[in-house]
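1. Build me a model:
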Amino acid sequence: MNLNILKKILLNLLKAVVATGLLWLIVARTGFALDTFVEVISKTRLVWFLPSLPGVLIVLWIKAWRWHLLMRNQHIFFAQSKSFIAYLTSFFIGLLTPGRFGEIVKVYYVRSLPGAGLFRSFQTVIADRFYDLYFLFAYGIVSYFLIFNNYSSISLFSSIGAGLLGLPMLWLLLKFIQPKDPSKSLIGFLHGSLAMITGMRSAHTWFITFFAYLAYFAQSWLIARSLDISIDFISLSAIMTLTSVVLLLPVTWAGMGTREFSLVMLMALFGVSSEKAIAFSLLQFTSSFLVGGLTGLALWFHLPIPKEELKKDYDSILKFFRRNPE
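-> From the prediction side, this is the model:
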């Protein structure tokens, strides 16, 4: 058996074991009762849940708009509607192959455009991801103090200040570090990608990022309301942010187990039972991953992308990073 195939099998088995172990901990340590869980699900108020279903499409549309503007700033002209299609198909592939081909799908759509190319296209995709990563980590620190410090004003404002100061500090750092040949080194690649998220030119895309997460938090609040979970909007947004940070760890497939464990632990601080927390996780998965994934799948069938081309782009990107470690 090929060594790479064996590694993938063992890695997937390990992820399955971790996910199963986390779910077992929830059941064994929280007094989770299946009959209570079924009762909670059966009492879901559709008047609140149904409006949450298109939430993921709204969030992805806003993020696609951000990516569209990022490319336009780099003189890569790709229509907003096509950016949205690329985002949806990328979302679908990302569910099947986390950390693999998801982002490469977006590269495929634009790499052949005038002034783009594989290198610059991938830079816009990475910059687009940096917006999300920075927001999650910055607001994640704020969220930690919101939840665990009982809204302590000193800690709260200090964490907000640190998050806001991080961007100008990054901008200054990029000004001092200027790679000699930006197109032929990993440092040059990262420098160009990070430059897209700093400076005054990025202000409007930061506002777009904020509204994308505001839509995500609003979707989560609707789901919580459908289950009669009484957590205020700010606290719930903090819970969802910390959960999203945990989900960045690739320890299970599509966040199975880690999502449920995080939600159960964090919501318990607000008196929410494990049954309601798991029900929330299930409805959120349905509202976000299922709706977004099925829409992406439909677009994939409508505008199929050759797997060979995706594999070729993926291999080319890996080859670049291996050839240019510095």
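
2. Pull the helix or strand Leu282 falls within out as PDB, backbone CA atoms only.
-> Leu282 is part of helix 274-285 when elements are defined by DSSP states H and E. Extracted in PDB, the C-alpha atoms of helix 274-285 (Å, rounded to 0.1, in the frame of the first residue of the first chain):
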ATOM      1  CA  SER A 274     -26.200  19.500  27.200                       C
ATOM      2  CA  GLU A 275     -29.300  18.300  25.300                       C
ATOM      3  CA  LYS A 276     -30.100  21.800  24.200                       C
ATOM      4  CA  ALA A 277     -26.500  22.500  23.300                       C
ATOM      5  CA  ILE A 278     -26.300  19.400  21.200                       C
ATOM      6  CA  ALA A 279     -29.600  20.300  19.600                       C
ATOM      7  CA  PHE A 280     -28.300  23.700  18.800                       C
ATOM      8  CA  SER A 281     -25.200  22.200  17.200                       C
ATOM      9  CA  LEU A 282     -27.300  19.800  15.100                       C
ATOM     10  CA  LEU A 283     -29.600  22.700  13.900                       C
ATOM     11  CA  GLN A 284     -26.600  24.900  13.200                       C
ATOM     12  CA  PHE A 285     -25.000  22.100  11.200                       C
END
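
3. Please pull up the helix or strand immediately following it.
-> Sequence-wise, the next helix or strand beyond helix 274-285 is helix 291-302, with elements assigned using DSSP H and E.

4. tell me the mean pLDDT for that next one?
-> On average, the pLDDT along helix 291-302 is 87.

5. Show me which positions of the helix or strand Asp132 falls within end up buried.
-> Asp132 is located in helix 117-148, with elements delineated by DSSP H and E. Neighbour-count burial for helix 117-148 flags 118-128, 130-132, 134-136, 138-147 (criterion: 16 or more other CB atoms under 10 Å). (Each C-beta comes from the backbone N, C-alpha and C, glycine too.)

6. can you give me the angle the helix or strand bottoming out on mean pLDDT in the chain makes with helix 117-148?
-> The helix or strand with the lowest mean pLDDT-type score in the chain, counting by mean pLDDT, DSSP states H and E, is helix 307-323 (a mean of 74). Angle, helix 307-323 to helix 117-148, by axes from the mean of the first three to the mean of the last three CA atoms, to 10 degrees: 80 degrees.

7. For the helix or strand just after the helix holding Asp132, name the packing helices and strands.
-> Taking DSSP H and E as the definition, the helix or strand that follows helix 117-148 towards the C-terminus is helix 153-176. The criterion is 3 or more CB pairs under 8 Å, 6 or more residues apart in numbering; DSSP states H and E, and the helices and strands that helix 153-176 contacts are helix 117-148, helix 186-195.

8. Can you get me a residue count around Leu186?
-> Leu186 is surrounded by 15 other residues when neighbours are defined as other CB atoms under 10 Å.

9. any idea how far the residue nearest to Gly140 when sequence neighbours are not counted is from Ala218?
-> Counting by CB to CB, 6 or more residues apart in numbering, Gly140 lies nearest to Val245, which is 4.5 Å off, once chain neighbours are set aside. Separation of Val245 from Ala218 (CB to CB, to the nearest Å) stands at 19 Å.

10. contacting residues for Ala127?
-> 70, 193-194, 196-197 (CB atoms under 8 Å, 6 or more residues apart in numbering).

11. Kindly report the same for Arg129.
-> Counting by CB under 8 Å, 6+ apart, Arg129 touches Glu103.

12. Begin at 38, not 1, for the rest of this chat.
-> Fine by me, first position is 38 from now on; the one you just mentioned is Arg166.

13. Show me which positions of stretch 345-357 end up buried.
-> When burial is assessed from 16+ other CB under 10 Å, stretch 345-357 yields the following buried residues: 347, 350-351, 354, 357.
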